[in-house]
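[1] please work out how this folds:
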Amino acid sequence: LAGAVPGAAAGPPAPPPASPPSASAPPNAPAASAVPPDLVDRDDELGTIRTAVADLAAGASQLLLIEGPPGVGKTRLLAEARRLAVEHDLTVLGARGSQLERTFGFGAVRQLFEPTLVDPARRERLLTGAAASARGVFDVLDEPAEGSFAVLHGLYWLAAGLASERPLVLAIDDLQWCDTASLRFVVYLSRRLDGLPLLLLATLRTGERHEDDELLAEVLLDPSTAVVRPGPLTREGTAELVRRRLGEPAPLFLTACHTTTAGNPLLLRQLLRALEADRVRPDAAHADRVMACGSRAVASMVLTRLRRLPDEATAVAGA
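    Modelled structure (predicted):
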């Protein structure tokens, strides 16, 4: 990356010359990759992601949210989006929200941008002009005001400066666990994407209570936000994953796998891992083993999820 951060201009830096955004890849873009073998039943979702990445390569901006329950494959789709962006020679910066760090101001923002600020000379060049007010975010000795307009404005210009050098992807996994200050920046940036060659990608887990519901709603309910909602695997998709792990399944065995996991990709993979470890063959005679292995394979994941729910929900599940 080369270039300097723009000064305090009236508007965002002009994107590099590009053709108007379209669903097709630009002329110099790499050929479309084959569908990864572990991403079954995800053709529509992958199509949306490929279009967003190709449009970014052409200079367009977008906010794309991947929303769904635990284990449905949000993180895997985000990883595929990042891989496609690298194929298009785009700059990709990533962060992951966590319950451990959600009390640290601008924790996710630091994850996103600190890799670009390791070199002192580059740090000085990027955090100058209109971006200078964001310096305190990356100085652990400072306590930047989380709701400060100046700080959010400086972070915007830091992102704008990076995007002016090369189209930029900001990918945030588990947005629901990001700290409040970082969520405010996501909302602030999402309102100012026009004219920036920047793709803001995030995953959002549904079905859990959030301390920052209003900020998350700002992102989710914005009319300009594109939302991808991967659903449970179909019976055919389940069969494909069983086939790759254990061999051709008998119909009764397949039904047991699909019913036990409700088509949840993560639970299915946990189940198949346990069945493979026990050397269970995918025939009708072993269909009853699916339930026994399945309950053991998913127990820790279910208990972890229950601990995040209100006490009332845990009591109902226990009953």
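
[2] which residue ranges of this protein form strands?
    Listed in chain order, the strands found in the chain under DSSP state E are 62-68, 91-96, 168-173, 198-205, 226-228.

[3] export the ones you listed as CSV, with columns for mean neighbour count, distance to Pro37 and mean pLDDT.
    C-beta: built from backbone N, CA, C; applies to glycine. Shown next, in CSV, are these (neighbours: other C-beta atoms under 10 Å; distance: least, C-beta to C-beta, whole Å; pLDDT from 0 to 100):
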stretch, mean neighbour count, distance to Pro37, mean pLDDT
strand 62-68, 22, 20, 96
strand 91-96, 19, 23, 97
strand 168-173, 24, 22, 98
strand 198-205, 26, 21, 96
strand 226-228, 18, 20, 95
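
[4] the helices in the stretch 151-300 of the chain, which residues?
    Assigned by DSSP state H, counting those that start in this stretch, the helices in the stretch 151-300 of the chain fall at 180-190, 213-220, 235-246, 251-261, 265-277, 287-307.

[5] highest average neighbour count across these?
    helix 180-190 (a mean of 22; mean count of other C-beta atoms under 10 Å).

[6] before we move on, the earlier item: which of the helices of the stretch 151-300 of the chain sits closest to Pro70?
    helix 287-307 (6.1 Å; C-beta to C-beta).

[7] which residues does the closest one contact?
    Helix 287-307 is contacted by residues 70-71, 250, 252-253, 255-257, 260-261, 266-267, 270-271, 273-275, 278, 280, 313-314, 317 when judged by C-beta atoms under 8 Å, 6 or more residues apart in numbering.

[8] now do stretch 112-127
    Against stretch 112-127 from outside (C-beta under 8 Å, 6+ apart): 1, 4-5, 93-95, 134-135, 138, 154-155, 158-159, 161-162, 170, 172.

[9] again, but for stretch 245-261
    233, 235, 238-239, 242-243, 267-268, 271-273, 275-276, 280-284, 286-288, 290-291, 294, 298.

[10] rerun at 6 Å
    235, 238-239, 242, 267-268, 271-272, 276, 282-284, 287, 290, 294 (C-beta atoms under 6 Å, 6 or more residues apart in numbering).

[11] related to what we said a few turns ago, JSON lines for the helices of the stretch 151-300 of the chain, including mean pLDDT?
    Putting the helices of the stretch 151-300 of the chain into JSON lines (pLDDT from 0 to 100) gives the following:
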{"stretch": "helix 180-190", "mean pLDDT": "95"}
{"stretch": "helix 213-220", "mean pLDDT": "90"}
{"stretch": "helix 235-246", "mean pLDDT": "96"}
{"stretch": "helix 251-261", "mean pLDDT": "94"}
{"stretch": "helix 265-277", "mean pLDDT": "92"}
{"stretch": "helix 287-307", "mean pLDDT": "80"}
